[in-house]
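**Student:** Sharing a model that was predicted from the sequence below.
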Amino acid sequence: MDDEPIRIPVTDVFDLHTVPAREVKPVVENYLEEAHRMGFRALRIIHGRGIGVQREMVRSILAKTPFVASFSDAPAEAGGWGATIITLRG
């Protein structure tokens, strides 16, 4: 078994549907750090609608991240409450 981390290209949209639940927190934290380092200012994390567990997990991470300026539900055409729009500080 290969223990090398999987490199995921960082873009302004990150879909959590392929991330195992137990890995969501570290993966989202790493994604935010890398996106910030790369200079992104606006991001969208797709967590799905479900019962809201991943949405709350993502938002608790965002609330504790100093370089996150704001976050909210995505517009309906971009996923509605199944996705979160994030604005990063410069």
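**Tutor:** Sure, I can see it. Keep in mind that what you see is a predicted model, and the values were worked out from it rather than measured. Numbering: from 1, shown residues only.
**Student:** any idea how far the closest residue to residue 73 other than its chain neighbours is from residue 17?
**Tutor:** Excluding the flanking residues, the one nearest residue 73 by CB to CB, 6 or more residues apart in numbering is residue 81, at 4.7 Å. Every C-beta, even on glycine, is put in place using the N, C-alpha and C of the backbone. Distance, residue 81 to residue 17, using CB to CB, to the nearest Å: 15 Å.
**Student:** Neighbour count for those two, which is higher?
**Tutor:** More crowded of residue 81 and residue 17, by other CB atoms under 10 Å: residue 81, with 14 against 8.
**Student:** which of the residues in the helix ranked longest in the chain are buried?
**Tutor:** The helix spanning the most residues in the chain, taking DSSP state H as the definition, is helix 24-37. Judged by neighbour count using 16 or more other CB atoms under 10 Å, the buried positions of helix 24-37 are 24, 27, 28, 31, 32, 35, 36.
**Student:** contact partners of stretch 31-51?
**Tutor:** Residues from elsewhere that reach stretch 31-51 (CB atoms under 8 Å, 6 or more residues apart in numbering): 8, 10, 12-17, 28, 54-55, 57-58, 61-62, 65, 67-68, 74, 78-88, 90.
**Student:** can you map out the strands along this protein?
**Tutor:** Taking DSSP state E, the strands of the chain run over residues 13-15, 42-46, 68-73, 83-88.
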